[in-house]
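Colleague: Provided below are the primary sequence and the corresponding predicted coordinates.
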Amino acid sequence: MQLSSSPANGATLITVNATRIDAAAAIQFRDSMRDLTADGAGDIIMDLSQVTFVDSSGLGAIVGAMKQLGSGRHMHLAGLTPDVDKVFRLTRMDTVFAIHRSVADATPRAAG
Amino acid sequence: MNTPRSAGRFETEATASDTAVRSALSDIRAWLWSRDLPDSVCGDVEIAMAEVLNNVVEHACADHPGARFTVTLSVSDASLDVVVTDPGKPLPGLSLPPGEAPDQNRPRAHLPEGGFGWFLIRRLTTSLSYERTAKGNRLALVFGLDSPSE
């Protein structure tokens, strides 16, 4: 699972460079997320705009990645494509994440 | 009101594995697309079929190396009918799981990371039936095409 990470005004932007988070990818996704988020502080913004499909294993892995964050750190999801958005809405998992239309919408503004 | 959709049928068969599920879903989606089904229907079918085929790989056929599943789709104006067969072990109690809605209304540490599969399958289909035959499992799913699900 190709994930890339970069700072975004106090938060961390994690970009998913893959088209599917599914049963074949879920374990690797979760491990990579753990590596990228274990040491940091601050919120995570996950850019899902390249992801066209998430199944229940992938959804579980995204929920699991959020649960790995310490309390007080939030996970924001940005750029959900139509079928991914549908899976979040049907399972009501859209209510447990902060969901933004785009990464720009999710990024905290620079102070000052 | 709508132009009649020409009837059609598609079959695929593969050895049960995560990667075979990916490629079956891709073939199914391409076929649905070729039948001029709306994107929202293609999405509903792919989401539901991913759960069905993941269950076949992870549960029914987990202890059956080399087991092959089949998927048959047939489309008419009113519905898309799908039949999935596999030679694996039966559904527990020989019946379809209830697929209750996952409970997201709880503290973060207790949020569900699974149990979404049958809920999604039930939510996205208009009817569902399961039969244990001499050859294994046979699951029939119907997706209504009269009105979009969302």
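Modeller: Alright, I've got the coordinates.
Colleague: can you tell me the centre-most residue of the chain?
Modeller: You didn't pick a chain, so chain A it is. Against the mean C-alpha coordinate of chain A, by CA atoms, centre = their mean, the closest residue is A:Met46 at 3.3 Å.
Colleague: to clarify, I was referring to chain B.
Modeller: In chain B, the C-alpha nearest the mean C-alpha coordinate belongs to B:Met49, at 2.7 Å (CA atoms, centre = their mean).
Colleague: helices or strands up against the helix or strand hosting that residue?
Modeller: Under the criterion of DSSP states H and E, B:Met49 resides in helix B:39-55. Counting contacts by 3 or more CB pairs under 8 Å, 6 or more residues apart in numbering or on different chains; DSSP states H and E, helix B:39-55 packs against helix A:56-68, helix A:82-90, helix B:18-34, strand B:68-75, strand B:79-86, helix B:117-124, strand B:136-144. No exception for glycine: its C-beta is placed from N, CA and C like everyone else's.
Colleague: contacting residues around that helix?
Modeller: With contact meaning CB atoms under 8 Å, 6 or more residues apart in numbering or on different chains, helix B:39-55 is reached by A:22-23, A:53, A:55-57, A:82-83, A:86-87, A:90, B:18, B:21, B:24-25, B:28-29, B:32-33, B:37, B:69, B:71, B:80, B:82, B:84, B:116-118, B:120-121, B:124-125, B:139, B:141, B:143, B:145, B:148-150.
Colleague: so which bits of chain B are right by chain A?
Modeller: Taking CB under 8 Å from any CB of the partner chain, the part of chain B that reaches chain A is made up of B:18-19, B:21-22, B:25, B:39-40, B:43-44, B:46-47, B:50-51, B:54, B:57-58, B:101-102, B:104-105, B:108-109, B:111-114, B:116-117, B:119-120, B:123-124, B:150.
Colleague: neighbours of residue 33, how many?
Modeller: Answering for chain A, as no chain was given. For A:Met33, the neighbour count with other CB atoms under 10 Å in any protein chain shown is 25.
Colleague: wait, I meant chain B there
Modeller: Neighbour tally, B:Trp33, other CB under 10 Å: 11.
Colleague: quick check: beta-bridge partners of the residue nearest to the centre of chain A?
Modeller: Taking DSSP bridges as the rule, A:Met46 bridges to A:Ile14, A:Leu77.
Colleague: wait, doesn't it sit right on A:Leu80?
Modeller: No. Between A:Met46 and A:Leu80 there is no contact under CB atoms under 8 Å: 9.9 Å.
Colleague: in a helix, B:Asn105, correct?
Modeller: No. Counting by DSSP: H, G, I helix; E, B strand; the rest coil, B:Asn105 falls outside a helix, being coil.
Colleague: contact partners for it?
Modeller: Neighbour list for B:Asn105: A:Thr95 [criterion: CB under 8 Å, 6+ apart].
Colleague: neighbours around B:Gly114, how many?
Modeller: When neighbours are defined as other CB under 10 Å, B:Gly114 has 13 of them.
Colleague: any weak-confidence spans in chain A?
Modeller: For chain A, the stretches with pLDDT under 70 are A:1, A:111-112.
Colleague: what about B:Thr12, how many residues nearby?
Modeller: By the measure other CB under 10 Å, the count of residues near B:Thr12 is 16.
Colleague: tell me the secondary structure for A:Met33?
Modeller: Secondary structure, three-state DSSP: A:Met33 is helix.
Colleague: that one touches A:Ala65, doesn't it?
Modeller: Yes. Between A:Met33 and A:Ala65 there is a contact under CB under 8 Å: 3.9 Å.
Colleague: now do the phi/psi pair for residue 37.
Modeller: All of this is about chain A. phi -110, psi -10 (degrees, to the nearest 10).
Colleague: which parts of chain A sit against chain B?
Modeller: Residues of chain A lying near chain B by CB under 8 Å from any CB: A:20, A:22-24, A:53, A:55-57, A:59-61, A:63-64, A:66-67, A:71, A:82-83, A:86-87, A:89-93, A:95-96.
Colleague: quick check on these: which are buried?
Modeller: Buried by 16 or more other CB atoms under 10 Å in any protein chain shown: A:20, A:22-24, A:53, A:55-57, A:59-61, A:63-64, A:66, A:83, A:86-87, A:90-91, A:93, A:96, out of the residues of chain A next to chain B.
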